[in-house]
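[1] fold the following and give me the result.
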Amino acid sequence: MLSLLAFVVYLLIVLSLIWGRLRFFKVNAGTPRLAALLYDFAVAVQMILTAYFFINVTDVTKPVLGFCLLLYLCSLMLFWWAIFTAKSLDFAFSNHVGSIVTTGPFGLFRHPFYVSYMLAWIGSTVLFNSPFLWLTLVYLIAFYALSARKEEGLILKSTQAEQYQYYQQHVGMFLPRIKKWKQSNSEP
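    Down below sits the predicted model:
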């Protein structure tokens, strides 16, 4: 039963990510085609192998499955919270600087979409422990880190640089800054 629930939540993540890629994120002329294709390929490998393993692997332990389900639920909730907060965003490696969103999940992480994706890929990789999943996980995390740095570099060269520097000091890239968060919530 737990395995079926995890698989259903995983399928919801896959459908959400596909919807986001096709309907929410804008791919503009500044996005290198090769980067987008390699990213899509790595994501497809993660998605297809995870679905295959859910159908064909039966020897996963309940604690690991429960941990994976928790990561999947966090991933799905974070993704949709970021969707409703941001309204629309450019695709990774874009050369366009849009508006800076600092509310909702963007108040916890500067890149909540990347965190959402990483939670899903980490869950699948830990659950099934496949070399191909580990390989794509490493690639995807590197891709998200490079994308985030490039996006932030562009913002820091824009007219919004000062506002973004303040945001960087108070909000972590992929992990929340608990100390800063506690300080800002304890002030009157």
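
[2] alpha carbons only for contacts and neighbour counts from here, please
    Fine.

[3] residue ranges for the helices of the chain, please.
    Secondary structure of the chain by DSSP state H: the helices cover 2-19, 33-56, 62-86, 112-128, 131-156, 161-170, 178-186.

[4] let me know which of these is tucked in deepest.
    Greatest average neighbour count among the helices of the chain goes to helix 112-128 (a mean of 22), per mean count of other Cα atoms under 10 Å.

[5] neighbours of Thr58, how many?
    Thr58 has 9 neighbours, counted by other Cα atoms under 10 Å.

[6] pull the contacting residues for it.
    Residues in contact with Thr58 (Cα atoms under 8 Å, 6 or more residues apart in numbering): none are found.

[7] ramachandran angles for it?
    phi -120, psi 0 (degrees, to the nearest 10).

[8] quick one: low-confidence ranges for the chain?
    Residue ranges of the chain with pLDDT under 70: 26-32, 88-98, 178-188.

[9] residue closest to the middle of it?
    Nearest to the mean C-alpha position of the chain, counting by Cα atoms, centre = their mean, stands Tyr114 at 2.4 Å.

[10] any figure for the gap between the closest residue to that residue other than its chain neighbours and Asn56?
    Closest residue to Tyr114 apart from its sequence neighbours, by Cα to Cα, 6 or more residues apart in numbering: Tyr144 at 6.2 Å. Tyr144 is 30 Å from Asn56, where distance means Cα to Cα, to the nearest Å.

[11] got it, and Ser147?
    34 Å.

[12] same check on Leu133?
    15 Å.

[13] same thing with Glu151?
    39 Å.
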